[in-house]
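J.: no sequence on hand, only this structure:
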């Protein structure tokens, strides 16, 4: 079974609008962390935002926020006021405490294109 | 700039050959991770080293090996290369403490096997 599922292979959004990128995860662990990364066309992986399973509030970092719904096992990334530079691949990833492993498991990604 | 340095940026080689990819982690990070990104498999975790010792293994082939040296830089060795090994190989580093600490990725080495 897929640990991290990103069901939107591609998304379009108009500049200055908000967009939500979906991420659902599968774990029986009570303690886990969720991460989002951005990969521009230049290839580097850029860390955006983190949400812990015990965090009571949704994480926010500038224009990025996480819509964390624990019961539904979803951690959607919301980008507000989209900019042309937001065009990139976006990956959701998870770390589970019970495995003792610190490596992240990644989803397949969503390609976001911001249109002027 | 993540502070993680990978060399070379690009590598083109023939099937059957052997290559070495190099990674210098961020200053202070003791953990190094190697990932392979290909179109059909996505981002796959290969192996992790912590302070010179192997810590965790992922989907690393037997033809691949890695090590971390006393100065904490790491090398990923790929041998008997096949066309399917063509991919973007990432190194990442992190502090070991702190469950919430992210991985910081280098810019990757793009390997093309012809």
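T.: Alright, I've got the coordinates. This structure is a prediction, so every number in the text was calculated from the model and none was measured.

J.: use CA for all of it now, contacts and neighbours both
T.: OK.

J.: name the helix or strand for the most centrally placed residue in chain B, please.
T.: In chain B, the centroid-proximal residue (Cα atoms, centre = their mean) is residue B:34; its distance is 3.0 Å. Residue B:34 belongs to strand B:31-38 when assigned by DSSP states H and E.

J.: which residues does that strand contact?
T.: Contact partners of strand B:31-38, identified using Cα atoms under 8 Å, 6 or more residues apart in numbering or on different chains, comprise A:103, B:25, B:42-51, B:68, B:74, B:76, B:86-96.

J.: filter these down to the buried ones.
T.: Neighbour counting by 16 or more other Cα atoms under 10 Å in any protein chain shown classes A:103, B:25, B:43-51, B:68, B:74, B:76, B:86-95 among the contacts of strand B:31-38 as buried.

J.: quick one: the residue nearest to the centre of chain B from residue A:2, how far?
T.: 21 Å (Cα to Cα, to the nearest Å).

J.: again with residue B:17
T.: Separation of residue B:17 from residue A:2 (Cα to Cα): 33 Å.

J.: neighbours of residue 101, how many?
T.: Answering for chain A, as no chain was given. Residue A:101 has 13 neighbours, counted by other Cα atoms under 10 Å in any protein chain shown.

J.: you looked at the wrong chain, it should be chain B
T.: By other Cα under 10 Å, 14 other residues sit near residue B:101.

J.: how about the strands in the chain?
T.: Picked chain A for this. Counting by DSSP state E, chain A has strands at residues A:4-5, A:10-14, A:19-21, A:24-25, A:32-39, A:46-52, A:60-61, A:64-69, A:74-79, A:88-96, A:105-106, A:110-115.

J.: try chain B instead
T.: B:5-7, B:10-13, B:19-24, B:31-38, B:42-50, B:53-57, B:64-68, B:74-78, B:87-94, B:104-105, B:109-113.

J.: any idea of the mean pLDDT in the last one?
T.: In this model, strand B:109-113 has an average pLDDT of 98.

J.: contacts for it next, please.
T.: With Cα under 8 Å, 6+ apart, strand B:109-113 has contacts from B:6-15, B:21, B:81-90.

J.: then the shortest one?
T.: Residues from elsewhere that reach strand B:104-105, judged by Cα under 8 Å, 6+ apart: A:44-47, B:2-4, B:26, B:90-94.

J.: test my guess that residue B:101 contacts residue B:94.
T.: Yes. In terms of Cα atoms under 8 Å, residue B:101 counts as a neighbour of residue B:94; the distance is 6.9 Å.

J.: residues near whichever residue of chain A sits closest to chain B, how many?
T.: At 4.6 Å from chain B, residue A:44 is the closest residue in chain A, using Cα to the nearest Cα. Residues near residue A:44, counting by other Cα under 10 Å, number 18.

J.: ok, now how distant is it from residue B:101?
T.: Applying Cα to Cα to residue A:44 and residue B:101 gives a distance of 18 Å.

J.: ok, now residue A:22?
T.: The value you get for residue A:22 to residue B:101, if Cα to Cα is used, is 22 Å.

J.: just list whatever residues bridge to the residue nearest to residue B:91 when sequence neighbours are not counted.
T.: Closest residue to residue B:91 apart from its sequence neighbours, by Cα to Cα, 6 or more residues apart in numbering or on different chains: residue B:34 at 4.6 Å. Bridge pairing for residue B:34 (DSSP bridges) gives the partners residue B:47, residue B:91.
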